[in-house]
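> Provide a 3D model corresponding to the input given below.
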Amino acid sequence: MCSKVLTQRGLDEALKWVKEQPAWKRSKGRDHILSGHHPWSFKSVRRFMKNAIGLLLDMDSTGNWYKPGQVWLEKDMILPYAPNVDLCDAKCLLEIESNRSTLLLFRGRLKRNAGGKICAKLVSELNGADGVVIEKGSAGEAGKAAA
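Below you'll find the model as predicted:
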């Protein structure tokens, strides 16, 4: 099933299979971990799996991605996004070390769903501080090149 695109029917069958397992029945999913590649992953079956621990890429609790009671910080973990830039190796680090003037760089989406309270607080506290660069950024090749 993993090698094919999951259809709704496939998701329904997978959910049925998982819920029939003794381990799932024992804990109603509380000792299970689910990981999705996008906040909309498993959207149609997520309400049945809300007790499981989620490894999430974002926690939008406005109802756009998750309904109330499906995700919460005491249970789920927000994973950092993987960088979309080429990494600097040891040689690169030696070349730029003496010229480094930036302590912190954030380049990304500054406005988040539900206001992005933590991001907004960091921007308001750190923007303009010595050694701090905060810029709006975008995904894709243009965003990567700009970063």
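> distance check, residue 32 against residue 130.
Using C-beta to C-beta, to the nearest Å, one obtains 46 Å as the distance from residue 32 to residue 130. Where you see a C-beta, it was placed from the backbone N, CA and C, and this is true even at glycine.
> compare the two (neighbour count), which wins?
Between residue 32 and residue 130, residue 32 has the larger neighbour count (other C-beta atoms under 10 Å), namely 16 against 6.
> wait, the more buried one sits on residue 52?
Yes - using C-beta atoms under 8 Å, residue 32 and residue 52 qualify as a contacting pair, with a distance of 4.2 Å.
> would you point out which residue is most central in the protein?
Taking C-alpha atoms, centre = their mean as the criterion, residue 57 is the residue nearest the geometric centre of the chain, at 1.3 Å.
> that one contacts residue 79, doesn't it?
Yes - A contact is recorded between residue 57 and residue 79 when judged using C-beta under 8 Å, the distance being 5.9 Å.
> can you map out the strands along the protein?
When secondary structure is read from DSSP state E, the chain shows strands at 33-35, 53-56, 77-78, 104-108, 132-136.
> point out the most buried one among those.
strand 53-56 (a mean of 18; mean count of other C-beta atoms under 10 Å).
> what pLDDT, on average, does it get?
Per-residue confidence for strand 53-56 averages out to 82 on the pLDDT scale.
> partners of that strand, with directions?
Using DSSP bridges, the strands paired with strand 53-56 are strand 33-35 (parallel), strand 77-78 (parallel).
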